[in-house]
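Asks: need a structure here:
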Amino acid sequence: MLFRRLNFQNWRVGTKLLVLTVPLLAAVTLVAAWAVHQRNTASIQEKLTQRAQSLHTQIMADREYYASVVVPRIVDLGGGMRPDYHNLRGQFPLPATFVREVSELTAARREGYSVNLISPWPINKDKGLKDQFQRDAFVALQANPTAQFFRTDTIEGKTAMRVLMADYGSARSCVDCHNAHPLSPKRDFKLNDLMGGLEVVLPMDQYIQEGRQELLLTVGGGAGVCLLLVGIVVLGTRQVVTQPLASLARKMQAFTETPGDPSSPEVPKPLGDEVAYLAAAHGRMQEVILRQRTELQQVNARLEEQVVELKATNDELDSFSYSVSHDLRAPLRAMDGFSRILLDEHATAMSDEVQHYLQKVRANAQQMDLLVNELLAFSRLGRQPLTVQAVEPDILVRQALEALRSEQEGRRVKITIGDLAVCKADPALLKQVFVNLLSNALKFTRGCEVAMIAVGCHPDSSTRTYFVKDNGVGFEMQYADKLFGVFQRFHRAEDYEGTGVGLAIVQRIILRHGGHVWAEAEVDRGTTVYFTLSKGVSP
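Replies: Model prediction:
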């Protein structure tokens, strides 16, 4: 178990990012701190060499003045120059001694630097090249007299920078003194020749301490930035990566689980890796999709079989419709025709009772023929293709009222046609809807002193609702679910003619258009029939 917990593959995504990010940030911080430290070191070296150059310039200027102005005046006055001049009357310091003592005095006041004049040809033997630095520096100066040779060294346990710059024979008195001095190993110096070097020793402990403090500040600041970035990575990973991944994995897991199915296995949740959890959920979802695809293919195969069976059934219905239209209607018409002939040609030989029965036979045969026609029209609606186009319903309403003009004659009928929104539908079928609805409205308002019929539309943001309203006899709303069934009649045939198929035809047409039809009514207060068309049909 411990090995599994230490396994990198099982870690959370955020933990992995931290493990990969923190070392990188730490490395960047250390590299940046080292770069700053190197820059500071270079800056210290540059600062100290500039200071050494400034001291060199100042000291050499003082010595040149002393050698070219003061020394000739001392000689003219009869004085002499010796390194041990302190206890001798009339003796003054040599230029080299002057430089050393002046440097010591200024160094005592300024942070303890020291200055030494050295030469491979010293007048005094103890002023020659004493260590490897001086020997290396003098070789470098001979190759490039205008350069500076510097090196960091440890002197008496303290770190210091040693800088050596050229010393030229800038005054005639210096050149003559060296050439004439009995202890001088070289007697052919000329003016402006390289005679030695001026070594400036600068203490570095203070600067090193400051550099260390700056390095610590840099590392501390880098560590703070590193922690800040780690916090940003943690929060950002949680908000942008791990939480969305976990949420997506839970949704995929929920998709794969079948409620109440004990055989549905749960996706094993890893110890922490959200990606692994997501991959497991994805694998499970793939299995479910493949299974559902197989089931869907099986269902489609069964549907294809049912389509074939349904086609065979429709073919049988077509044959039945043909038989009804020809085989059944022919006897009905024969019954009606023979009854009419008997009444027309043999009425005088029949009693009134026989004539009454023949009239009944004719009426029933005609009603039966009408029912057959309505049924044939109803059955043809399911197979008739739709010719959908933009339609102006108000034009269809006026055409329907014109076709129903005979039902309005001799009556007081007030018909109102509202603003009917343009729609997309089969114009012939939609006209049949308005014909059937207006025919019912005219039929069931015969008992009204003034028949009030309104055709309108209620447009809203989602669909359009058309309606036909009347003030006729109405019906009980508890029977509204049976209103659109075939042969469903709410009133006696003796009171209102009809076959009970008209509203069924209306419903079939509206359903074929993807819409919905319903009615609201109140006994003796009228009926309103509403219908809608589908969004795919409406413009």
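
Asks: just say helix, strand or coil for the residue located most distally from the centre of the chain.
Replies: Centroid-distance maximum for the chain: residue 78 at 97.9 Å, with C-alpha atoms, centre = their mean. Three-state assignment for residue 78 (DSSP: H, G, I helix; E, B strand; the rest coil): coil.

Asks: residue 34 too?
Replies: helix.

Asks: where's it relative to residue 221, distance?
Replies: The gap separating residue 34 from residue 221 is 14 Å, by C-beta to C-beta, to the nearest Å. Where you see a C-beta, it was placed from the backbone N, CA and C, and this is true even at glycine.

Asks: could you do residue 361 as well?
Replies: Separation of residue 361 from residue 221 (C-beta to C-beta): 114 Å.

Asks: so for these two, which sits in the more crowded spot?
Replies: residue 361 (17 against 14; other C-beta atoms under 10 Å).

Asks: need the phi and psi values for the residue farthest from the centre of the chain.
Replies: With angles defined as degrees, to the nearest 10, residue 78 sits at phi 90, psi 10.

Asks: surely it and residue 92 touch.
Replies: No: using C-beta atoms under 8 Å, residue 78 is not in contact with residue 92, being 11.5 Å away.

Asks: and the helices in the stretch 101-250 of the chain?
Replies: Assigned by DSSP state H, counting those that start in this stretch, the helices in the stretch 101-250 of the chain fall at 132-143, 172-180, 205-236, 243-256.

Asks: so who does residue 454 touch?
Replies: 415, 416, 417, 418, 467, 468, 469, 470 (C-beta atoms under 8 Å, 6 or more residues apart in numbering).

Asks: apply 7 Å and report the result again.
Replies: Going by C-beta atoms under 7 Å, 6 or more residues apart in numbering, residue 454 touches 416, 418, 469.

Asks: then residue 472?
Replies: Counting by C-beta under 7 Å, 6+ apart, residue 472 touches 441, 444, 445, 448, 526, 527.

Asks: check the secondary structure at it for me.
Replies: coil.

Asks: state the distance from it to residue 455.
Replies: In terms of C-beta to C-beta, residue 472 sits 15 Å off from residue 455.

Asks: any idea which of the contacts of residue 472 has the most stuff around it?
Replies: residue 441 (27 neighbours).

Asks: surely that residue is in a helix?
Replies: Yes: assignment of residue 441 by three-state DSSP places it within a helix.

Asks: ok, the closest residue to it other than its chain neighbours - how many residues close by?
Replies: Nearest non-adjacent residue to residue 441, counting by C-beta to C-beta, 6 or more residues apart in numbering: residue 470, 3.9 Å away. Residue 470 is flanked by 25 other residues according to other C-beta under 10 Å.

Asks: do residue 309 as well
Replies: With other C-beta under 10 Å as criterion, residue 309 counts 10.

Asks: quick one: it from residue 302, how far?
Replies: Residue 309 is 10 Å from residue 302, by C-beta to C-beta.

Asks: and residue 74, how many neighbours?
Replies: 17.

Asks: which stretch of helix or strand covers it?
Replies: Using DSSP states H and E, residue 74 maps to helix 71-76.

Asks: ok, residue 518 next?
Replies: strand 516-522.

Asks: can you give me the offset of that strand from its chain's centre?
Replies: 49 Å (C-alpha atoms, centre = their mean, to the nearest Å).

Asks: next: stretch 429-446.
Replies: 57 Å.

Asks: may I see the buried residues of it?
Replies: 429-445 (16 or more other C-beta atoms under 10 Å).

Asks: residue 437 should be in a helix, yeah?
Replies: Yes: Residue 437: assigned to a helix according to three-state DSSP.

Asks: how near is it to residue 468?
Replies: Residue 437 is 4 Å from residue 468, by C-beta to C-beta.

Asks: for residue 220, same thing?
Replies: 87 Å.

Asks: and those two? Which one has more around it.
Replies: Neighbours per residue, other C-beta under 10 Å: of residue 220 and residue 468, the larger number sits with residue 468, 24 against 12.

Asks: quick check: the more buried one is in a strand.
Replies: Yes: counting by three-state DSSP, residue 468 falls inside a strand.

Asks: for the stretch 51-200 of the chain, give me the ranges with low pLDDT.
Replies: Residue ranges of the stretch 51-200 of the chain with pLDDT under 70: 106-112, 124-127.

Asks: tell me how many other residues crowd residue 179.
Replies: Other residues close to residue 179 by other C-beta under 10 Å number 14.

Asks: got the contact list for stretch 48-67?
Replies: Against stretch 48-67 from outside (C-beta under 7 Å, 6+ apart): 95, 98-99, 102-103, 115, 148, 150, 161, 163, 165, 170-171, 173-174, 198, 200, 202.

Asks: fine, thanks again, bye for now.
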